[in-house]
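Chemist: Whatever this is, show me its structure:
(one chain, ligands or ions: 1)
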Amino acid sequence: MQRVSISNKTKRFACTTEHYNDLYSRYLQNPAKLLEMAGYQPGQRLLDLCGGTGAISLAALALGGDPSQVTLIDLKPRCQDKKIRQLAGSALSTLKQINNEGEMFDVAICRQAFAYLHVEGKSGEELAQSIANLIQPGGFFIFNSFIRPRFHFKSYQFKGRRFIELAGYLRRRIFRLQIGLGVGYDFSISKWHREERIFEIFNPYFNIETRWSENAVYWICTRR
Ligand SMILES: C[S@@+](CC[C@H](N)C(=O)[O-])C[C@H]1O[C@@H](n2cnc3c(N)ncnc32)[C@H](O)[C@@H]1O
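Modeler: Numbers count the residues shown, from 1 in each chain. Now for the predicted structure:
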């Protein structure tokens, strides 16, 4: 698989900080929840889309999953388990390469990252189609997205450390600065996607169920 170069600008705005796991540890809890929603079984072929440090992939292995059946795609893959296949590149171009090779998966999950992908315009339709192409009938594509965010400032303690989080929302963009004292900082810009648009692009291929929680919407898409 071809490796795709990443510009520094993209790296900076896509949660690829070396401190990612520490800064996001509060969010990184319970990744198994999405695997559970997909009825994931060890031995199934799993795609961890925008998998980053591999929270989903590692949760699958903890459930008894076979690393040779797990593929992680990210602009900058950085999962510690090197038995997992990790493909570096943008989601859409890497998915298209997988489509060209005709590879199929039982479950694809995009956790805390769908907001970085484009869904407006032609690339949105291409994204949905390229995901649908690699999920076999009855298989799942599951992702979570933001409930429309407002400006907020939080200061909290997590595992004995002080964290500060500042988020704002302007023109469908979410700006988030996280600082962990003694840990580092991360600044990210992501998008708030319209629900109608998500339905519009995935509806041709999937039955879609949404589950709302306090901070996120879970989209459970079953391939027809
Ligand atoms: C908040 S992290 C989530 C990582 C992981 N899914 C998790 O649950 O910990 C967002 C990830 O999306 C990746 N990302 C952002 N834009 C991307 C794109 N266009 N293609 C592939 N990966 C992307 C970033 O590199 C980052 O690792």
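Chemist: Following element in sequence after the lengthiest helix in the chain, please.
Modeler: Criterion DSSP state H: the longest helix present in the chain is helix 121-133. Remark: after helix 121-133, the chain's next helix or strand is strand 135-146, criterion DSSP states H and E.
Chemist: Which elements pack onto that next one?
Modeler: When contacts are defined as 3 or more C-beta pairs under 8 Å, 6 or more residues apart in numbering; DSSP states H and E, strand 135-146 packs onto helix 32-37, strand 105-110, strand 216-223. Where C-beta positions appear, they are placed from N, C-alpha and C, glycine not excepted.
Chemist: Can you say which of these is nearest to the ligand?
Modeler: Evaluated with C-beta to the nearest ligand atom, the helices and strands packed on strand 135-146 place strand 105-110 nearest to the ligand, the distance being 6.8 Å.
Chemist: what lines up beside the closest one in the sheet?
Modeler: Paired strands of strand 105-110, with direction, are strand 46-49 (parallel), strand 135-146 (parallel) (DSSP bridges).
Chemist: hmm, the longest one touching the ligand?
Modeler: No: judged by C-beta under 6 Å from any ligand atom, strand 135-146 makes no contact with the ligand; its nearest approach is 9.0 Å.
Chemist: Show me what counts as buried in that strand.
Modeler: Within strand 135-146, the residues that count as buried by 16 or more other C-beta atoms under 10 Å are Ile135, Gly139, Phe140, Phe141, Ile142, Phe143, Asn144, Ser145, Phe146.
Chemist: how much does it deviate in direction from helix 121-133?
Modeler: Relative orientation of strand 135-146 versus helix 121-133 (axes from the mean of the first three to the mean of the last three C-alpha atoms, to 10 degrees): 130 degrees.
Chemist: any idea whether whichever residue of the chain sits closest to the ligand is helix, strand or coil?
Modeler: Nearest residue of the chain to the ligand: Gly52, at 2.9 Å (C-beta to the nearest ligand atom). Of the three states, Gly52 takes coil under DSSP: H, G, I helix; E, B strand; the rest coil.
Chemist: Just the pLDDT for it.
Modeler: pLDDT, Gly52: 95.
Chemist: wait, isn't it in contact with Gln86?
Modeler: No: using C-beta atoms under 8 Å, Gly52 makes no contact with Gln86, being 10.3 Å away.
Chemist: Mutual contacts of those two, please.
Modeler: Residues touching both Gly52 and Gln86 (C-beta atoms under 8 Å, 6 or more residues apart in numbering) are Asp74, Pro77, Cys79.
Chemist: burial of the closest residue to the second one other than its chain neighbours, as a residue count?
Modeler: When the adjacent residues along the chain are set aside, Pro77 lies closest to Gln86, with 3.6 Å between them (C-beta to C-beta, 6 or more residues apart in numbering). Gln86 has 20 neighbouring residues, counting by other C-beta atoms under 10 Å.
Chemist: What residues does this protein have near the ligand?
Modeler: Counting by C-beta under 6 Å from any ligand atom, the residues of the chain lying close to the ligand are 14-16, 28, 50-53, 55-56, 74-76, 90-91, 111-113, 116-117.
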